[in-house]
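Participant: What follows is a protein structure lacking sequence information:
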């Protein structure tokens, strides 16, 4: 069977592991749809600090039983805000068996290897006839191959031989992920150095049923295939999460494992961060960091109009958090063909991210304020926003202000807002996206 492996690196910029570790639990899980189980040693609701039950906090009732040889610890960079050492033990997930149809699945775990692993060290793993798993299906799950490379099995077979090239560093926390669709498997390595991915097509497209999973081992080869190191979380979904989903989970959980929050100026998610949401902004969450990312160059040298025609769009907003909705509304009324600002922004793709949009008036104002950090701006150029003008030189007749939209000038001193006719072709396009 053919093997396809394409690695991609998304640089994180200034993110570093905290030199002074502060113990804290992971943030609220931002992706709950299709979640089959969620074990999280940083949360007292999942593990109180004693006993043999690692509680599933997804609400699915699939708590795990810890074997002898697992040791709980917290409050240090090595242990994170809560994790188990699996040098001689594992955890067996209970509750209802798991079926992965379509096929589709996502496996996620925070791991901190203490040494180079032997081949096929189970992280989240099912093997037929162990723990009640269906004898008719082969080994399935996420593991580490030689040299700590992220690997997987899907009904055993050719999948087990895939070499991802994603090497998990020893004595450092990383979130590792495997997503499975009907055509492609994607591996993720997420840590203080960035988010790296690799793709594989070397597996049999088959749905699986009645699986039982073990954490920290391949139960068919004990003790040889017990993971050596610490595991802080284990999550399984019955769908293939998107790149944006993986990014949001990483951002919500990383502080618990000593990785500093994102900051303005960091390279992340296909561009550079220019704004971190604060209280009062749409989409702000005190438990999960969110913000705005800008492309690092213009998509138009000032030759694209705001729209194809001058019809009144209506219901666009100036506020932070409204650019995506504005862009969607503009395209819904202008159509998905042609060369105009909102469409140019929506069509942009960078590092695999395709959810870009034209910034609102206030989003563009914040972007221009950080123009030196983001880079690529020409002095005194004007930039389109997705905010239509609703007051044009004091006029209130829709036939008048339907013709104009807000623009921002990248002045050499301070950003200057202005209005421009929708057919004005001396205004540039700079897309943004949210995280």
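Facilitator: That came through fine. None of these values were measured; they are calculated from a predicted model. Numbering: from 1, shown residues only.
Participant: check contacts around residue 147.
Facilitator: Contacts for residue 147 (C-beta atoms under 8 Å, 6 or more residues apart in numbering) come out as 116-117, 167. Where C-beta positions appear, they are placed from N, C-alpha and C, glycine not excepted.
Participant: So for this protein, the centremost residue is which one?
Facilitator: Residue closest to the average C-alpha location in the chain (C-alpha atoms, centre = their mean): residue 247, at 1.4 Å.
Participant: Go ahead and measure how far the helix or strand that contains that one is from the middle of the chain.
Facilitator: Residue 247 belongs to helix 243-253 when assigned by DSSP states H and E. Distance of helix 243-253 from the chain centroid (C-alpha atoms, centre = their mean, to the nearest Å) equals 3 Å.
Participant: What is the helix or strand just after it packed up against?
Facilitator: Where DSSP H and E defines the elements, the next helix or strand beyond helix 243-253 is strand 267-268. Here strand 267-268 touches strand 8-11, going by 3 or more C-beta pairs under 8 Å, 6 or more residues apart in numbering; DSSP states H and E.
Participant: Tabulate the contacts of residue 147 in JSON lines, adding columns for neighbour count, pLDDT and secondary structure.
Facilitator: Listed next are the contacts of residue 147 as JSON lines, based on neighbours: other C-beta atoms under 10 Å; pLDDT from 0 to 100; DSSP: H, G, I helix; E, B strand; the rest coil:
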{"residue": "116", "neighbour count": "13", "pLDDT": "92", "secondary structure": "coil"}
{"residue": "117", "neighbour count": "24", "pLDDT": "90", "secondary structure": "coil"}
{"residue": "167", "neighbour count": "17", "pLDDT": "96", "secondary structure": "strand"}
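Participant: returning to what we had before: and the contacts of the helix holding residue 247?
Facilitator: Residues from elsewhere that reach helix 243-253, judged by C-beta under 8 Å, 6+ apart: 26-31, 108, 110, 175, 177, 179, 188, 190, 195, 197, 233, 235, 241, 262, 269, 287-289, 352-353, 355, 435.
Participant: now those residues: which count as buried?
Facilitator: Buried residues within these, counting neighbours by 16 or more other C-beta atoms under 10 Å: 26-27, 29-31, 108, 110, 175, 177, 179, 188, 190, 195, 197, 233, 235, 241, 262, 269, 288-289, 353, 355, 435.
Participant: among those, which are in strands?
Facilitator: In this view, the buried ones among the contacts of helix 243-253 that belong to strands under DSSP state E are 108, 110, 175, 177, 179, 188, 190, 195, 197, 233, 235.
Participant: which residues does the closest residue to the third one other than its chain neighbours bridge with?
Facilitator: Which is residue 175. Leaving aside its sequence neighbours, residue 175 sits nearest to residue 190 (C-beta to C-beta, 6 or more residues apart in numbering; 4.2 Å). Beta bridges link residue 190 to residue 175, residue 195, judged by DSSP bridges.
Participant: Please tell me how far residue 190 sits from residue 174.
Facilitator: Distance, residue 190 to residue 174, by C-beta to C-beta, to the nearest Å: 6 Å.
Participant: Residue 121 now?
Facilitator: As judged by C-beta to C-beta, residue 121 and residue 174 stand 14 Å apart.
Participant: just the helices in the protein please.
Facilitator: 243-253, 323-334, 341-347, 361-369, 371-374, 398-401 (DSSP state H).
Participant: how's this protein carved up into domains?
Facilitator: What automatic domain parsing lists as the domains of the chain is 8-261, 271-434.
Participant: Least reliable of those by average pLDDT, please.
Facilitator: Lowest mean pLDDT of the domains of the chain: domain 271-434, a mean of 83.
Participant: got the contact list for the residue lying closest to residue 429 once chain neighbours are set aside?
Facilitator: In this structure, residue 429 finds its nearest non-sequential neighbour in residue 300, 4.1 Å apart by C-beta to C-beta, 6+ apart. Going by C-beta under 8 Å, 6+ apart, residue 300 touches 341, 344, 427-429.
Participant: rerun that using 7 Å as the cut-off
Facilitator: 344, 428-429 (C-beta atoms under 7 Å, 6 or more residues apart in numbering).
Participant: Output those in a markdown table; the columns should cover neighbour count and distance to residue 229.
Facilitator: Formatted as a markdown table, the contacts of residue 300 follow (neighbours: other C-beta atoms under 10 Å; distance: C-beta to C-beta, whole Å):
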| residue | neighbour count | distance to residue 229 |
| --- | --- | --- |
| 344 | 20 | 47 |
| 428 | 23 | 49 |
| 429 | 24 | 47 |
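Participant: Columns distance to residue 71 on top of those, output as JSON lines?
Facilitator: Formatted as JSON lines, the contacts of residue 300 follow (distance: C-beta to C-beta, whole Å):
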{"residue": "344", "distance to residue 71": "55"}
{"residue": "428", "distance to residue 71": "57"}
{"residue": "429", "distance to residue 71": "55"}
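Participant: Which one of these is nearest to residue 145?
Facilitator: Of all these, residue 344 has the smallest distance to residue 145: 42.5 Å, by C-beta to C-beta.
Participant: Would you mind confirming that the closest one makes contact with residue 305?
Facilitator: No: applying C-beta atoms under 7 Å as the test, residue 344 and residue 305 come out as separate, 10.3 Å apart.
Participant: where's residue 52 relative to residue 244, distance?
Facilitator: Counting by C-beta to C-beta, the gap from residue 52 to residue 244 is 36 Å.
Participant: now swap in residue 351 and tell me
Facilitator: According to C-beta to C-beta, residue 351 and residue 244 sit 12 Å apart.
Participant: re the thing from before, pipe the helices of the chain into CSV and attach distance to residue 217 per row.
Facilitator: Output for those, formatted as CSV (distance: least, C-beta to C-beta, whole Å):
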stretch, distance to residue 217
helix 243-253, 23
helix 323-334, 43
helix 341-347, 46
helix 361-369, 48
helix 371-374, 46
helix 398-401, 66
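Participant: Which of the ones you listed sits closest to residue 59?
Facilitator: The closest of the helices of the chain to residue 59 is helix 243-253. By C-beta to C-beta, the value is 17.2 Å.
Participant: ok, and the closest non-adjacent residue to residue 114?
Facilitator: Using C-beta to C-beta, 6+ apart, the closest residue to residue 114 is residue 229 (4.2 Å).
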